[in-house]
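[1] coords below, sequence missing:
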Ligand code: SF4
Ligand code: SF4
Ligand code: SF4
């Protein structure tokens, strides 16, 4: 098998990227991945394998780690390196590099491939949810958050970092703000350690989140951060690019993943039928139905509401100029929002600690 074939096998490169391998890895990185060959190595072992001086190998590994060619793990004071796969490499490639220069047909194929990979990873958890919708499950972007809930998290955190949204960077289906993945406290520290992210003050972060909401981004994260006593971060998502929302729709799990906790309720006496809510809703829950109504002696195009399509994001409410929309909480099941058990807290803390540290299943930990 040629070196390139070996690399493609170990790195699990989707076929569409084979002609564009130069975007994925340098010659030296290909040597590294092939040399690691699904094993772990220490820095001296890598230096010897690549016949590099120690300092040069260290700088090279740092760069390869930043580019998510390799993952790093420190245990009992010993740091080891092993190869990532293209699935992880795609994040920094799209967020910080020249993903946009990859020909569109290859990008489209990779985007479809990645959504399917994402679904395959999370399918067992989704099946668990299907059987028992009230079960507490570990899944990225578990809950839809209202703006106020997202801002509460920002307030509670002491460390604030923003990174580009990998979903929008990869899919590029809309031009909503790219800097939108919020990392807080432990999540922020991990992100900075990796050499990624931009540190903000609490007030700057609040402004960024409010601006994201104004730009039509929905907030998603884990509502149980208080019970966990631990903040990691949250996302500002659109339905056109977001892997969790698109995955949820594809799996027939609308409103279940990410989980809706509210439903919009309109006060028709205040509504002027301006249509702003219909523009902001990602799911067509508010929509022009082709009829006309008279409002304040003016004939207006009627805006209808279909509650079955509402995902509880609150964008219609924050955008309504008349304050005509309130978000009504959905009945909460004790199991869904109860405090986690001690065992569960340990598992979740561990999940957060391992974030970015390079576990085979680490994509599962790469979202809040
Ligand atoms: S989950 Fe949302 S904010 Fe996070 S990366 Fe995806 S679209 Fe962006
Ligand atoms: S944004 Fe408010 S005022 Fe405008 S149509 Fe919607 S509910 Fe009515
Ligand atoms: S109706 Fe409002 S709360 Fe419901 S999904 Fe649409 S924008 Fe979000």
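    Done, it's in. A quick note: this is a predicted structure, and the numbers were derived from the prediction, not measured. Numbering: from 1, shown residues only. Ligands and ions are numbered 1, 2, ... in the order given.

[2] now stretch 194-204: how far from the chain's centre is it?
    Relative to its chain's centre, stretch 194-204 lies at 17 Å (Cα atoms, centre = their mean, to the nearest Å).

[3] now that stretch: mean pLDDT?
    What stretch 194-204 shows for mean pLDDT is 94.

[4] touching ligand 1 at all, that stretch?
    No: judged by Cβ under 6 Å from any ligand atom, stretch 194-204 stays clear of ligand 1, getting no closer than 13.0 Å. In this view, the C-beta of every residue, glycine as well, is placed from N, C-alpha and C.

[5] Span of that stretch from start to end?
    Stretch 194-204 has an end-to-end distance of 22 Å (Cα to Cα, to the nearest Å).

[6] quick one, what contacts residue 191?
    For residue 191, the contacting residues are 161, 163, 183, 197, 356, by Cβ atoms under 8 Å, 6 or more residues apart in numbering.

[7] residues of whichever strand or helix holds it that come out buried?
    Assigned by DSSP states H and E, residue 191 belongs to helix 185-193. Burial within helix 185-193, assessed by neighbour count using 16 or more other Cβ atoms under 10 Å, is assigned to 185, 186, 187, 188, 190, 191.

[8] ditto for stretch 132-147
    Buried-residue list, stretch 132-147, by 16+ other Cβ under 10 Å: 136, 137, 139, 140, 141, 142, 143, 144, 145, 146, 147.

[9] Just the pLDDT for residue 343.
    At residue 343, the pLDDT value in this model is 49.

[10] Residue 337 too?
    pLDDT for residue 337: 58.

[11] Looks like residue 146 contacts residue 311 (just checking).
    No: Residue 146 is beyond contact range of residue 311, at 11.8 Å (criterion: Cβ atoms under 8 Å).

[12] Give me the longest strand you can find in the protein.
    Counting by DSSP state E, the longest strand found in the chain is strand 286-295.

[13] and that one with ligand 3, contact?
    Yes: shown here: strand 286-295 in contact with ligand 3 (Cβ under 6 Å from any ligand atom) through residue 286.

[14] List the neighbouring strands of that strand plus their orientation.
    strand 298-305 (antiparallel) (DSSP bridges).

[15] could you check whether the partner strand is close to ligand 3?
    No: using Cβ under 6 Å from any ligand atom, strand 298-305 never reaches ligand 3; the gap is at least 7.0 Å.

[16] care to break this protein down by domain?
    Using automatic domain parsing, the domain ranges for the chain come out as 3-84, 106-259+334-365, 262-329.

[17] Could you pull out the strands in the stretch 251-368 of the chain for me?
    262-266, 286-295, 298-305, 325-329 (DSSP state E, counting those that start in this stretch).

[18] That'll do, ta.
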